[in-house]
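K.L.:
give me the fold of what follows.
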Amino acid sequence: KEAASLSVEDLIASIVKDADVGAKPSPHAVQPTTLTHPRNEEPKKVASLSVEDLIASIVQDTDVGARPSSQAVQPTTLTHPRNKERSRTLPPAKPKLVPATPKLVEIIDGILVKDLAAQMGMRVPALLKIIRRCAKDLDIAGQVTQDTRLNVESSETIVMEGDLDYKLIPGHAKDIVPRATPTDVSMFLPRAPVVTIMGHVDHGKTTLLDTLRNAAVAAGEAGGITQHIGAFTVKMKTGKMITFLDTPGHAAFSHMRARGAAVTDVVVLVVAATDGVRPQTIESIQFARDAGVPMVVAINKIDADGATPEKSKMSLSEAGVDIEENGGDTQCVEISALKGINLDVLEDAIVTAAEMEGLWADPSGPAEGYVLEAKTVKGQGAVTTVLIKRGTLKGGDIIIAGTSICKVRVMRAADGSIVKSAGPSQAVELIGWRSMPDVGDTLLAAPDEKRAREAVEYRDGLQNAAQLVDTAKEIHRDRMVANRIRQEVNRQQTISVQLKGAARVQYRRKRHELRQTQAERATESVDDSGKAKLRFILKSDVAGSEEAIISSVEALSREDFEVVVIDAQIGPITESDIAKADTFGASILCFNVNIPKQTQDLLDRNDTKFRRFQVIYDLLDHVNELIVQQAPKRYETVEVGVGEVQKVFMLSGAKKAVVAGCVVNRGALSRALTFEVVRGGSVIFTGKLNALKHLQDEVDSVASGQECGLSFADFTDIQEGDTIKCFEDLEI
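P.N.:
All right, here's what the predicted structure looks like:
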């Protein structure tokens with residue numbers, strides 16, 4: 001039955017009936033028999049309520065939001081789902097998650113934006129708004145993202161802008177640094193000296209080491225020249241252990257020799273008795289002095305034809321090396337590395353110099369050392385030669401060098417044998433690097449892998465932050481170049497529109513050529529200063545050679561021509577190298593690396609320029625040839641002859657020329673060259689001759705001490721006493 005069609009009596013009777021029999025009410029019937037109000041202890045009987053009271057009670061319950069009991073009257077609907085004004089009840093709102101504001105923000109140099117936001121208790125977008133708001137006060141280059149590194153000053157400004165307290169955390173709190181030197185040296189033990197062999201190219205350094213360690217190393221070097229540092233720990237006849245570092249003698253490897261001197265205890269300077277002191281010998285002497293280490297001179301090749309040891313000793317004195325037999329303090333030994341003459345005397349001299357230095361080391365604790373060499377070996381990955389300076393390195397240790405991590409899997413000694421540990425002054429080869437470290441990096445042991453990753457991430461962040469400014473400058477420069485190209489294209493378009501006919505076709509052709517070379521000009525051999533560039537990609541066998549070659553190649557740059565190595569990696573040529581060379585118009589230089597057949601085919605198809613070398617001389621000569629071919633021609637003006645005007649003759653007739661009677665004081669006056677007329681110290685004319693005569697004959701030149709007559713094509717104001725000079729522009 002519809003509720004609207006029931007009388008009041010029928011409605012009440014229906015309610016009572018439903019309550020009595022417990023029947024399920026119809027959808028239109030009022031369900032409960034009684035209504036319990038939360039403020040009434042006694043339930044109200046429905047039968048005792050009037051219709052008006054019943055309805056009022058239902059509305060009142062709805063208004064206060066009281067939860068009716070199971071016997072309370074529940075309305076069918078009192079709220080409209082699409083009308084908030086008519087709705088009496090609203091769903092509970094979800095609580096907003098507001099992160100708690102920290103009491104103290106910890107600032108560390110190189111902190112990421114997202115990490116700083118987490119510490120400040122805000123989302124990254126909110127922190128980026130703060131950064132943009134105070135961008136003028138921050139030392140940040142380029143676009144700021146959540147992965148941008150902030151320095152300490154910028155972080156302080158941002159935190160203060162957020163009205164928060166902070167404290168500075170030193171950078172080494174995340175980094176791994178060498179241990180402090182202990183005050184108690186009672187635990188120190190004597191260590192083997194680290195000896196560096198230095199000298200000029202081909203003076204016998206590698207042969208000397210070959211004889212000392214009885215290993216055929218010299219024969220394996222290209223051209224008999226050492227191409228990278230070798231480190232060897234050998235046992236001498238005296239029972240002493242000595243670690244030798246062999247640095248190349250060529251001038252290109254000066255950086256490597258400097259690195260060797262930085263870790264050495266004694267320098268053995270090898271000077272050939274047949275050659276004496278050479279430029280690289282002087283450099284080696286200077287490196288030893290800068291390092292503050294004692295030096296022992298070995299006069300080598302005393303058995304060779306034409307050997308003059310005394311002459312070599314004299315040249316050493318001229319270079320500032322005072323040997324003992326001349327009253328100095330530098331030991332000098334005459335040897336033959338090839339025949340092994342006096343090598344035992346040289347050993348005694350080395351040991352004596354080392355003992356005077358008092359070499360001690362702490363073998364306990366985590367290892368510390370230096371990366372001497374790094375290379376890539378097929379099947380082994382990155383392989384390094386390291387020198388331990390303190391502590392002991394063991395198999396399985398976690399170490400870092402720069403931004404590279406290594407879990408030591410294999411340690412090899414100089415003879416190739418596997419060793420389980422390496423102490424101070426020992427040089428070993430390590431396998432287990434996850435990435436290639438840089439030569440010269442400090443090696444430090446980490447307590448665990450997590451700590452090593454934290455330190456490497458911190459160092460990597462500092463490097464990225466340092467490179468960010470340079471990158472931003474490069475981007476700005478590239479944009480400036482692109483804008484100039486775009487402006488030139490727009491100018492050509494404007495001219496093309498204004499012209500008609502054949503001229504318009506010509507300008508369209510020029511505009512097309514300009515667009516074709518736009519990408520080339522953006523990376524091309526001219527920078528903002530107008531300096532031409534020659535680009536190379538270097539692929540080498542070991543990191544030490546790479547470092548030295550880059551330095552030598554880029555040192556060939558001139559004021560008007562720059563030589564740049566845009567990329568350098570260890571290992572053979574890859575497809576990525578070929579693509580990069582094609583993009584930048586660079587040539588690939590391969591030093592002691594093989595080229596796989598597949599790569600060779602790709603090089604041929606792309607017509608990529610590349611050359612292979614085994615000796616540094618050939619590589620540098622090739623680069624010099626390219627510079628001569630591509631660099632702008634340079635000329636030097638050279639004075640060829642000087643004369644003085646003795647008398648001036650005015651010729652009559654059709655020519656009416658003015659002839660200067662001169663005497664040549666120096667050099668020669670040549671008719672084909674450019675002349676200057678100097679009067680009172682000032683040049684009053686520069687130009688060509690019209691005629692040059694000796695006696696009555698036309699001649700091409702007049703030598704010093706002779707008289708001549710000459711006239712200029714466009715100058716007649718010649719006076720007695722004027723100086724006549726001729727010049728020639730010679731290509732440099």
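K.L.:
give me the distance between the two termini of stretch 692-705.
P.N.:
Taking Cα to Cα, to the nearest Å, stretch 692-705 runs 15 Å from one end to the other.
K.L.:
how would you label the nearest residue to residue 708 once chain neighbours are set aside: helix, strand or coil?
P.N.:
Counting by Cβ to Cβ, 6 or more residues apart in numbering, residue 708 lies nearest to residue 702, which is 4.2 Å off, once chain neighbours are set aside. (C-beta placed from N, C-alpha, C; glycine too.) Three-state call for residue 702 (DSSP: H, G, I helix; E, B strand; the rest coil): strand.
K.L.:
other residues contacting the host helix or strand of residue 577?
P.N.:
Secondary structure from DSSP states H and E places residue 577 in helix 575-584. Contact with helix 575-584 is made by 523, 535, 537, 539, 566-567, 569, 586-588, 599, 602-603, 606, 608-610, as judged by Cβ atoms under 8 Å, 6 or more residues apart in numbering.
K.L.:
restricted to strands, list those residues.
P.N.:
535, 537, 539, 566-567, 569, 587-588, 610 (DSSP state E).
K.L.:
filter the residues you listed down to the buried ones and express that as a PyMOL selection.
P.N.:
Those of the ones in strands among the contacts of helix 575-584 that count as buried under 16 or more other Cβ atoms under 10 Å are selected in PyMOL with:
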select buried, resi 535+537+539+567+569+587+588+610
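K.L.:
about what we covered before: would you mark the buried spots in the helix holding residue 577?
P.N.:
577-578, 580-581, 584.
K.L.:
dump those residues into CSV; add distance to residue 418 and pLDDT as well.
P.N.:
Formatted as CSV, the buried residues of helix 575-584 follow (distance: Cβ to Cβ, whole Å; pLDDT from 0 to 100):
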residue, distance to residue 418, pLDDT
577, 34, 88
578, 38, 89
580, 39, 86
581, 40, 87
584, 44, 84
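K.L.:
give the contact list for residue 324.
P.N.:
Taking Cβ under 8 Å, 6+ apart, we find residue 324 in contact with 330-332.
K.L.:
any idea how far residue 288 is from it?
P.N.:
Applying Cβ to Cβ, to the nearest Å, the value for residue 324 to residue 288 is 16 Å.
K.L.:
repeat for residue 237
P.N.:
26 Å.
K.L.:
which of the two has more neighbours?
P.N.:
Each of residue 237 and residue 288 has its neighbours counted (other Cβ atoms under 10 Å); residue 288 has more, 24 against 9.
K.L.:
where does the more buried one land in three-state SS?
P.N.:
Residue 288 - assigned by three-state DSSP - is helix.
K.L.:
ranking the contacts of residue 324 by neighbours, who comes first?
P.N.:
That'd be residue 332 among the contacts of residue 324, by other Cβ under 10 Å, with 23 neighbours.
K.L.:
quick one: residues contacting that one.
P.N.:
By Cβ under 8 Å, 6+ apart, the contact set of residue 332 is 296-299, 313, 316, 323-325.
K.L.:
redo that, cut-off 6 Å
P.N.:
By Cβ atoms under 6 Å, 6 or more residues apart in numbering, residue 332 lies in contact with 297, 323.
K.L.:
same question, the one 10 residues further on
P.N.:
Remark: with contacts taken as Cβ under 6 Å, 6+ apart, residue 342 is in contact with 333, 335.
K.L.:
export the helix holding residue 577 as PDB, just CAs?
P.N.:
What follows is helix 575-584, C-alpha atoms only, in PDB (Å, rounded to 0.1, in the frame of the first residue of the first chain):
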ATOM      1  CA  GLU A 575      80.800   2.500 -33.100                       C
ATOM      2  CA  SER A 576      80.200   5.400 -30.700                       C
ATOM      3  CA  ASP A 577      83.700   6.800 -31.400                       C
ATOM      4  CA  ILE A 578      83.000   6.600 -35.200                       C
ATOM      5  CA  ALA A 579      79.700   8.400 -34.800                       C
ATOM      6  CA  LYS A 580      81.300  11.100 -32.600                       C
ATOM      7  CA  ALA A 581      84.100  11.600 -35.100                       C
ATOM      8  CA  ASP A 582      81.700  12.000 -38.000                       C
ATOM      9  CA  THR A 583      79.600  14.500 -36.000                       C
ATOM     10  CA  PHE A 584      82.400  16.700 -34.900                       C
END
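K.L.:
tell me the gap between it and the middle of its chain.
P.N.:
Distance of helix 575-584 from its chain centroid, counting by Cα atoms, centre = their mean, to the nearest Å, is 19 Å.
K.L.:
bridge partners for residue 638, pull those for me.
P.N.:
With DSSP bridges as the criterion, residue 638 is bridged to residue 728.
K.L.:
excluding sequence neighbours, find me the nearest residue to residue 557.
P.N.:
Setting aside the residues directly before and after it, residue 557 is nearest to residue 563 in space (Cβ to Cβ, 6+ apart), at 4.8 Å.
K.L.:
so the one you found sits against residue 532, correct?
P.N.:
No: using Cβ atoms under 6 Å, residue 563 is not in contact with residue 532; the gap is 9.9 Å.
K.L.:
more crowded one of the two?
P.N.:
Per other Cβ under 10 Å, whichever of residue 563 and residue 532 has more neighbours is residue 563, with 21 against 17.
K.L.:
quick check: the residue nearest to residue 708 vs residue 637, distance?
P.N.:
Residue 702 sits 21 Å away from residue 637, going by Cβ to Cβ.
K.L.:
closest to residue 387 out of the ones in strands among the contacts of helix 575-584?
P.N.:
residue 569 (24.3 Å; Cβ to Cβ).
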